[in-house]
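>>> sequence and predicted structure, then a few things I'm wondering about:
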Amino acid sequence: MIDICLPTAQLRDAVAALAPELDVRERTVLWDQPIAELPLSDVRFWVPGFLHSDPQAARAVIARMPKLAVIQTQSAGVDAYLAVVPSGVSLCDARGVHGSSTSEWALTAILSVLREFPRFERAQQERRWDQTMTDELAGKRVLVIGAGDVGQSLARRLSACDAEVVLVARSARDGVHSVAELPELLPSADVVVLIVPKTSETIGLVDAAFLARLADGALLVNAARGPVVDTDALLAELTSGRLRAALDVVDPEPLPAEHPLWGAPNLLLTPHVGGSVRGFAARSAALIAAQLRRFEAGEPLDNVVAGEY
């Protein structure tokens, strides 16, 4: 019986090597053909492709899986599936897979902006020796909004760089402030890092009022989802020269060639690559193999999404 659907042969083979007792190769259909040609009627465990974000395509696939029991994403965010996951189907995210890579991106972005690496790259291309003094991360107050796996991973890295880390989450707990406290926390932040899921509560979280509370010269870093930030409000602050930003995600995404954000000053922009590292494949395969073992044994799954998280 073919009851597992995986996106690539590479992932199938990696999972099969980690869990040989599950006969993954024999049980798997690859999601690499038009939907109508795939034998999906017996699929119980589906892993969409990494960075798959089309709810309509997901709905079409799910409609052909009447026995579906589990959707295991390879991304930390599951917003593309929240509106289409059927009742009775467990939706699981990839918490633990992207902690190191996304926090590395955020740390790299912060250091690149503060130490002005883009400036030095331009000088190198111009064969110009641009020796100057820059800012530093040591001693900076960094507000990390999102205190889950990625946020905690980033906090450890920032602390190692002698920064003061302030963690913020939806609700307060020991060592973590609540989102409700942001109006009081924002004015004293040198850097604000967004690592939150896209939910009804976080869409538009960073609006004109949020940005206005930041001190002149503050740096906003978005490693979450584009719609968490009001693009027009951020663009206005960047254009004025008051704030700086480093973005791995934007709204809209992909960013159209004619969009004014491309030419905005004080901006470091990368094309949603925070989790796109070579080590991702092995970590994702390990999570999927472990989840399949639990599923086969009838044990509780890890990373089950409750509500919008």
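On my side now, so go ahead.
>>> quick one: terminal-to-terminal distance for stretch 34-49?
Start-to-end span of stretch 34-49 (Cα to Cα, to the nearest Å) is 14 Å.
>>> now the helices for the stretch 151-300 of the chain?
182-185, 208-212, 231-240, 280-297 (DSSP state H, counting those that start in this stretch).
>>> in CSV: the ones you listed, plus mean neighbour count and distance to D174.
Backbone N, C-alpha and C define where each C-beta goes, glycine included. Formatted as CSV, the helices of the stretch 151-300 of the chain follow (neighbours: other Cβ atoms under 10 Å; distance: least, Cβ to Cβ, whole Å):
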stretch, mean neighbour count, distance to D174
helix 182-185, 14, 17
helix 208-212, 15, 25
helix 231-240, 17, 32
helix 280-297, 18, 28
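>>> so which of those comes closest to R157?
helix 280-297 (17.4 Å; Cβ to Cβ).
>>> ok, back up a step: mean pLDDT and distance to P86 added to the helices of the stretch 151-300 of the chain, as a markdown table?
Converted to a markdown table, the helices of the stretch 151-300 of the chain look like this (pLDDT from 0 to 100; distance: least, Cβ to Cβ, whole Å):
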| stretch | mean pLDDT | distance to P86 |
| --- | --- | --- |
| helix 182-185 | 98 | 35 |
| helix 208-212 | 98 | 36 |
| helix 231-240 | 98 | 33 |
| helix 280-297 | 97 | 17 |
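>>> could those go into a markdown table alongside distance to T28?
Listed next are the helices of the stretch 151-300 of the chain as a markdown table, based on distance: least, Cβ to Cβ, whole Å:
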| stretch | distance to T28 |
| --- | --- |
| helix 182-185 | 45 |
| helix 208-212 | 45 |
| helix 231-240 | 40 |
| helix 280-297 | 10 |
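>>> so what's the most centrally placed residue in the chain closest to, chain neighbours aside?
Geometric centre of the chain, nearest residue: A224, 5.0 Å, by Cα atoms, centre = their mean. Closest residue in space to A224, ignoring its immediate chain neighbours: L194 at 4.2 Å, by Cβ to Cβ, 6 or more residues apart in numbering.
>>> what's near enough to touch A257?
Under the criterion of Cβ atoms under 8 Å, 6 or more residues apart in numbering, A257 has no neighbours.
>>> er, E181 actually
V168, A172.
>>> ok, the residue lying closest to I4 once chain neighbours are set aside - contacts?
With Cβ to Cβ, 6+ apart as the criterion, I4 has its nearest non-adjacent residue at 4.5 Å, and that residue is T28. Contact analysis of T28 by Cβ under 8 Å, 6+ apart lists I2, I4, C5, L6, R12.
>>> pick the one among those residues closest to R294.
Relative to R294, and with distances defined as Cβ to Cβ, the nearest of those is I4, at 13.8 Å.
>>> what ranges do the helices span in the stretch 1-150 of the chain?
All helices of the stretch 1-150 of the chain, identified by DSSP H, counting those that start in this stretch, fall at 9-18, 24-27, 55-63, 79-82, 99-114, 117-125, 149-160.
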